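# A structural model of the following input is requested.
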Amino acid sequence: MVSLHATGAAALSFLIAAATSSVAVCTLFTSFVLLQQTVFGGLLTSSARLPAWCAWLRHTSLSFFSFEAAVGNELQGLVFDLGINGIDGILFSGGDLLSSALALQPQPGADLLCELMWVACAAAATALLVTLAHAPRGA
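Coordinates of the predicted model:
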């Protein structure tokens, strides 16, 4: 999953590089896009705490699908007991934590498919842009 995320980020960066004509513009736009990906990816901000008008942006983030799959893999099926030195604690499951606090519904197959589509779409768009940019001009 981590390799796929890195490949997706590289494909997105290649797409931005193919679409821009200046190194400065490419660097600025890539930084902005990757910042958006990080902010709405779920690691820095919980999807449950996002305002309704911008909550949909998490689905445009490659980082969201990677984070959801990774956290779901780690927490699903675990049971936590918050007790101190023999005092009965509070029991909660990893699934409860995922759905209530993080507002995630991990589906590894769907997350993997979304990441694969990110890579494929970005690679196809890059290939199309490069082909159009270097197509022979009329004589």
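
# Only C-alpha atoms from now on, for both contacts and neighbour counts.
Noted.

# tell me the mean pLDDT for the longest helix anywhere in the chain?
Here the longest helix in the chain is taken by residue count, with DSSP state H as the criterion, and it is helix 108-133. Across helix 108-133, the average pLDDT comes to 90.

# which sections of the protein are below the confidence cut-off?
Under the criterion pLDDT under 70, the flagged ranges of the chain are 47, 138-139.

# could you pull out the helices for it?
Shown for the chain, the helices assigned by DSSP H span residues 2-19, 23-39, 62-75, 94-96, 108-133.

# In space, what's closest to the most centrally placed residue in the chain - neighbours in sequence excluded?
Against the mean C-alpha coordinate of the chain, by Cα atoms, centre = their mean, the closest residue is residue 63 at 1.8 Å. Nearest residue to residue 63, sequence neighbours excluded (Cα to Cα, 6 or more residues apart in numbering): residue 41, at 4.6 Å.

# who are the neighbours in contact with that neighbour?
If you count contacts by Cα atoms under 8 Å, 6 or more residues apart in numbering, residue 41 has them with 58, 61, 62, 63, 64, 65, 67.

# give me the number of residues near the first one?
Translated: residue 58. The burial count assigned to residue 58 is 21, neighbours taken as other Cα atoms under 10 Å.

# The last one now?
As a burial measure, the neighbour count of residue 67 was computed by other Cα under 10 Å and equals 20.

# repeat for the fifth one
Residue 64 has 24 neighbours, counted by other Cα under 10 Å.

# phi, psi of the closest residue in space to it that isn't next to it in sequence?
On the basis of Cα to Cα, 6+ apart, the spatially nearest residue to residue 64 that is not a chain neighbour turns out to be residue 41, at 3.8 Å. When read as degrees, to the nearest 10, the backbone of residue 41 gives phi -80, psi -20.
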